[in-house]
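**Student:** How does the following fold in three dimensions:
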Amino acid sequence: MGYLASLKAAGTCAVAVGVHNGITARLGERCGFDALWLSSLELSASMALPDMNLITMTEVAERVREIRRASGLPLLVDADNGYGSDELAARAAAEFAASGATAVCLEDKAFPKRNSFYEDDAQELEDRERFCRRLEAVRSALAGTGAEIIARTEALVAGQGAAEAVRRARAYREAGADALFVQVTARDVDVYGGVLAEIRGLAPLVVVPTALASWSQADLHEAGASVVIYANAVIRTIVKTVTDVLTDLRLQPRLATVEGDIAPLDVLFDVTGHPLLRASGVPR
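**Tutor:** Model (predicted):
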């Protein structure tokens, strides 16, 4: 039984955090999260790129390997929309699984995708039957690897409504998805609970509550979630905190200005596993 299936079978809800490299993965593990999520938004932003299919499967696979070296937590990997074809989707999924992914997530956005929260961009979906064929191709590529497939529908984001979101989720499960993920933005929060109620019996549900800031993990688990992912908290923290610290340091250029806002060197050495610290028994 795979990781996601085992969560649903046990009736538990894992809490995952979005990361983009080795050190953020290790910090997520040290802070007690159950799993990690490598998303295209987090990775693209870490490279100062917009989230619109500009990163390659090779770049993602390298980050998967880096994260796997830094942490043993289950790792869910965003494969966007499969990079534009069934063949590329299958190859990407196989590469990510070989690099250490626990599960691979594919969304039904048309290529090139646009981030769900880009309000000024058209949000177009792949044809439902065509996306099912893509999932079937990925299912075949992952046979024997143990990696699971998360099928993500953007039907709500694209304005196609709750009924279409449910219709697509059911079709994707039949096409071989191990878990389901229905993306939601603020516009559709009122119908989201009903969508989850319709599909919660089909498969483990993955929920990213970016638009559900007031919903707790317990609320989301009660609604059917087997995994709750705080997908972009890390990169947003970096942008705000680094900007604040660098602004203060530039205005008052002495280290004492920001010393209380940055980690001591011994903490950095601990997190990165200095050999002498490891030899003395200090945990990673």
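**Student:** in the longest helix along the chain, what counts as buried?
**Tutor:** Secondary structure of the chain per DSSP state H: the longest helix is helix 233-251. Residues of helix 233-251 classed as buried: Val234, Ile235 (neighbour count, 16 or more other C-beta atoms under 10 Å). For the C-beta atoms, the positions are set from N, CA and C on the backbone; glycine is no exception.
**Student:** Extract the CA atoms of it and return them as PDB.
**Tutor:** Taking C-alpha atoms only, helix 233-251 is exported to PDB below (Å, rounded to 0.1, in the frame of the first residue of the first chain):
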ATOM      1  CA  ALA A 233       4.600  29.500   3.200                       C
ATOM      2  CA  VAL A 234       8.400  28.900   3.000                       C
ATOM      3  CA  ILE A 235       9.000  30.900  -0.100                       C
ATOM      4  CA  ARG A 236       6.700  33.700   1.000                       C
ATOM      5  CA  THR A 237       8.500  33.800   4.300                       C
ATOM      6  CA  ILE A 238      11.900  34.100   2.600                       C
ATOM      7  CA  VAL A 239      10.700  37.000   0.400                       C
ATOM      8  CA  LYS A 240       9.300  39.000   3.300                       C
ATOM      9  CA  THR A 241      12.000  38.200   5.900                       C
ATOM     10  CA  VAL A 242      15.000  38.600   3.600                       C
ATOM     11  CA  THR A 243      13.600  41.800   2.300                       C
ATOM     12  CA  ASP A 244      13.100  43.200   5.800                       C
ATOM     13  CA  VAL A 245      16.500  42.100   7.000                       C
ATOM     14  CA  LEU A 246      18.400  43.400   3.900                       C
ATOM     15  CA  THR A 247      16.400  46.700   4.000                       C
ATOM     16  CA  ASP A 248      17.400  47.200   7.700                       C
ATOM     17  CA  LEU A 249      21.000  46.300   7.000                       C
ATOM     18  CA  ARG A 250      21.300  48.700   4.100                       C
ATOM     19  CA  LEU A 251      19.800  51.500   6.100                       C
END
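**Student:** Does it pack against any helices or strands, and if so which?
**Tutor:** In terms of contacts (3 or more C-beta pairs under 8 Å, 6 or more residues apart in numbering; DSSP states H and E), helix 233-251 is packed against strand 14-19, helix 22-30, helix 40-46.
**Student:** next one: it to chain centre, how far?
**Tutor:** Using C-alpha atoms, centre = their mean, to the nearest Å, the distance from the centre of helix 233-251 to the centre of the chain it belongs to is 23 Å.
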